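Sequence and predicted model, in that order:
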Amino acid sequence: MLLASCKRSEAPPPPARPVVEVVQVVQRDVPIHGVWTATLTGYLNAEIRAQVTGYLLSQKVREGSFVHRDEVLFELDPRTFRAALNEANAELAQRIADEARATRDVERDRPLAEAHAIPKAQLETDIQVQRAAVGAVEAARANVQTASLNLGFTKVRSLIDGIVGITAVQVGNLVTPTSVLTTVSQIDPIKAWFSVSEQEYLDTASRIHDATLASTRSDALHIGFYITLADGSQYPHKGSFMFANREIDSLTGTIRLVASFPNPRFLLRPGQFARLGAVTRIARGALLVPQRAVGELQGRYQVMVLQADSTIAVRPVDVGVRVDSLWVIERGLKRGEFVVVEGLQKVRPGVKVTARPYVPAPAVAPGDTQPATTLPGRTPAAPSGGTNGTKGG
């Protein structure tokens, strides 16, 4: 009976401490990336129009193919323009004959007028007729040149090297100088238009100004742009800054900027949307924690900090930008402190916990190393097997 009474009086064993995973707050220089939605457009976009009116006889190139400058794209009916050229040549021959006759009259009458054999007024009339004949020859030559150009315009050529778009007319259509036949775009390099906020513009305004003044220097603005394609892959070629628009849109408060990208394989096409990114600045000595360690409550952010006595304390923080899976902490934490990443729902302030190191997925840039996690009051684990210092308080 005494033994049974003693067993009943023993206190129950204390509950097991909650197990949480923690990570140490690290401090390092972090590149801050800006990401925008960009619209791609050709470096040059030439609308191909006929310079004369005529019926379209043939299309010389295939839609979507690459063409060179001065390559014939379309051919119009040339018969009317060939006849006009023949008429202009005949008119020129007649005017040349009139000039020759007027020149002979002047040469014949000049000595007669000097000998007073004919009135001097007749010589002056001959000279004026000769001058008019010379002018008529020049006008006829200009008409021949115009007719020759119009005949040449029946072969519609590309003015740039580029890719031919979809044809807007069909063979047999009557085309005029107002008709757009197709569009040729130079897409190597290709332009990327994107809009940034006024605040983002002010952060780089001085560098953009330097680039605008030094327009002949391709490296005037050292911003290496990159493009993330729709399938999530990154475009292999880096882009460079070109120019900024002259004004800020008063309705949206943004300004349009342009970057150019090499496009040797024509992977990028005009009208395509892409995520454009660039390293806009370097945050020196930024404090970083995983994003999943930061909680939000009524618009305020907080983290759970592991104290030296293995208890948990809630700490309000001010967050900055996100860098991959990490979050920059502006205020509220110090370098070397430990924050809870896993097991947040199992703990509350003041509770003692069993802490284990949290092993995040690789999220730092190549070449960056993260310090080994050493819990408060513990020494780093030995490289060999055995206990790793993660259990207990």
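Received the coordinates, thanks. Remember, it's a predicted structure, so these values are computed and weren't measured experimentally.

Just the element for the nearest residue to G277 once chain neighbours are set aside, please.
The shortest distance from G277 to any non-neighbouring residue, by C-beta to C-beta, 6 or more residues apart in numbering, is to V35 (4.6 Å). Backbone N, C-alpha and C define where each C-beta goes, glycine included. V35 is located in strand 26-49, with elements delineated by DSSP states H and E.

tell me which strands and helices that strand is in contact with?
On a contact count with 3 or more C-beta pairs under 8 Å, 6 or more residues apart in numbering; DSSP states H and E, strand 26-49 meets strand 162-164, strand 180-197, strand 273-290, strand 312-323.

V351: which of those strands is closest?
strand 312-323 (5.5 Å; C-beta to C-beta).

strand partners of whichever helix or strand comes after that closest one, parallel vs antiparallel please.
Moving toward the C-terminus from strand 312-323, the next helix or strand (DSSP H and E) is strand 326-331. Paired with strand 326-331 in the same sheet, following DSSP bridges, are strand 273-290 (antiparallel), strand 312-323 (antiparallel).

just to revisit the earlier point, who wins for proximity to V341 among the helices and strands packed on strand 26-49?
Judged by C-beta to C-beta, the one of these that comes nearest to V341 is strand 273-290, at 5.4 Å.

Following that closest one in sequence, what is the next regular element?
strand 295-297.

Pairing partners for whichever helix or strand comes after that following strand, with directions?
Downstream of strand 295-297, the first helix or strand assigned by DSSP H and E is strand 300-306. Strand 300-306 has the following strand partners under DSSP bridges: strand 295-297 (antiparallel), strand 312-323 (antiparallel), strand 338-342 (antiparallel).

Show the average pLDDT along the last one.
What it means is strand 338-342. Average pLDDT, strand 338-342: 90.

Go ahead and name everything in contact with that strand.
For strand 338-342, contacts defined as C-beta atoms under 8 Å, 6 or more residues apart in numbering pick out 20-25, 289-290, 292-293, 303-306, 312, 333, 347, 353, 355, 358, 360, 373, 375-376.

CA atoms only for it, dumped as CSV, please.
Only the C-alpha atoms of strand 338-342 are listed here, as CSV (Å, rounded to 0.1, in the frame of the first residue of the first chain):
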residue,chain,number,x,y,z
PHE,A,338,18.8,32.8,-35.4
VAL,A,339,15.3,32.9,-36.8
VAL,A,340,12.8,30.0,-37.0
VAL,A,341,12.0,28.8,-40.5
GLU,A,342,10.2,25.5,-39.9
